[in-house]
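S.K.: here is my input, please return the structure:
(one chain, ligands or ions: 1)
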Amino acid sequence: MRIYEAKDYQEMSRKAANILSAQVILKPDSVLGLATGSTPIGMYDQLVEWYKKGDLDFSKVKTVNLDEYKGLTHDNDQSYYYFMHEHLFDRVNIDPANTNVPDGTEEDPEKECARYEKLIESMGGVDIQLLGIGHNGHIGFNEPDSTFAKTTHCVDLAESTIEANKRFFASVDDVPRQAYTMGIGTIMKAKKILLIVNGESKADAVAKAFFGPVTPEVPASILQFHSDVVVIGDSAALSKIPR
Ligand code: F6R
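M.R.: Numbering: from 1, shown residues only. Presented below is the predicted three-dimensional model:
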């Protein structure tokens, strides 16, 4: 694992965009595993800027997103489908047919999870998976648990995640209670992992995930067993790691 320190959010975003753009330049038909949330917004903005300058071409890129709220339609501005179109897909020359987000409107979890897992396999797997990390160490919507979930599955969101995400909704009652997410096994199959993190509030999660024991109680800790992980954190997020 390589950990790179960035002085602030902007530098973290630029470094992360550098890695994703290198991937696309080296392999134009890359399968990018993407994430939503507040952390990657600056990185997506940077990628869009480089695309507009003519430095990046997404025409052959394929994407699979980590997760989606169950029950939200595509036009709901809190759905991850909406987020991805707003922050990246509608701003670059990616073919919408090559973009994939779990279908939150599919009511049958078994059907949707099997479909998504098969889809990733049929694309030849993920070349690079972008991740954020939750305050409780979650990745995707894989919450602290007694075991690591293997494949794409439907989860009941932890109270702490509902609390953390309520800022995006009119009220806490509007936050969906379930989500579809790639499993830990799905994430671990990605050839490379890029985890980005900023802010002091994530410093404990970072220290536990990368320097504590590997345990499903801290889902991101499993990344210690992946052979190609890059973590880019701002100084605040890395302030509690051993030096
Ligand atoms: C988003 C996702 C989540 C977030 C995490 C951090 O697709 O899978 O695991 O990466 O909750 O969220 P932010 O970036 O909003 O702090």
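S.K.: which residues touch the residue nearest in space to the middle of the chain?
M.R.: Among the residues of the chain, Ala35 comes closest to the average C-alpha position under CA atoms, centre = their mean, at 2.7 Å. Contacts for Ala35 (CB atoms under 8 Å, 6 or more residues apart in numbering) come out as 65-66, 130-132, 140. C-beta coordinates here come from the backbone N, C-alpha and C atoms, glycine included.
S.K.: and which of these is nearest the ligand?
M.R.: Gly132 (2.5 Å; CB to the nearest ligand atom).
S.K.: phi and psi next, for the closest one.
M.R.: The phi/psi pair for Gly132 (degrees, to the nearest 10) reads phi -110, psi -170.
S.K.: for Gly212, see how far away the residue nearest to the centre of the chain is.
M.R.: Using CB to CB, to the nearest Å, Ala35 is found at 22 Å from Gly212.
S.K.: Val206 now?
M.R.: 10 Å.
S.K.: of those two, which one has the most company?
M.R.: Comparing Val206 with Gly212 by neighbour count (other CB atoms under 10 Å), the higher total belongs to Val206, at 23 against 15.
S.K.: helices and strands of the protein: which one bottoms out on pLDDT?
M.R.: Lowest on mean pLDDT, DSSP states H and E among the helices and strands of the chain sits helix 159-165, with a mean of 86.
S.K.: list of residues touching that helix?
M.R.: The set of residues external to helix 159-165 that reach it, using CB under 8 Å, 6+ apart, is 134-136, 138, 141, 143, 157, 172, 175, 177.
S.K.: out of those residues, list just those in strands.
M.R.: Nothing among those maps onto strands, per DSSP state E.
S.K.: near the ligand, from the contacts of Ala35?
M.R.: When contact is defined as CB under 6 Å from any ligand atom, the contacts of Ala35 meet the ligand at 66, 132, 140.
S.K.: could you identify the helix or strand that succeeds the lengthiest helix in the chain?
M.R.: For the chain, the helix that runs over the most residues, judged by DSSP state H, is helix 9-26. Per DSSP states H and E, helix 9-26 leads on to strand 31-34 as the next helix or strand towards the C-terminus.
S.K.: Lys192 is in contact with Gly125, isn't it?
M.R.: No: counting by CB atoms under 8 Å, Lys192 sits too far from Gly125 to count as a contact (10.9 Å).
S.K.: just the element for Glu112, please.
M.R.: Using DSSP H and E, Glu112 falls in helix 109-122.
S.K.: tell me which other helices or strands the helix or strand that comes right after that helix touches.
M.R.: As assigned by DSSP H and E, the chain's next helix or strand after helix 109-122 is strand 128-131. When contacts are defined as 3 or more CB pairs under 8 Å, 6 or more residues apart in numbering; DSSP states H and E, strand 128-131 packs onto helix 9-26, strand 31-34, strand 192-197.
S.K.: kind regards, and thank you for your time.
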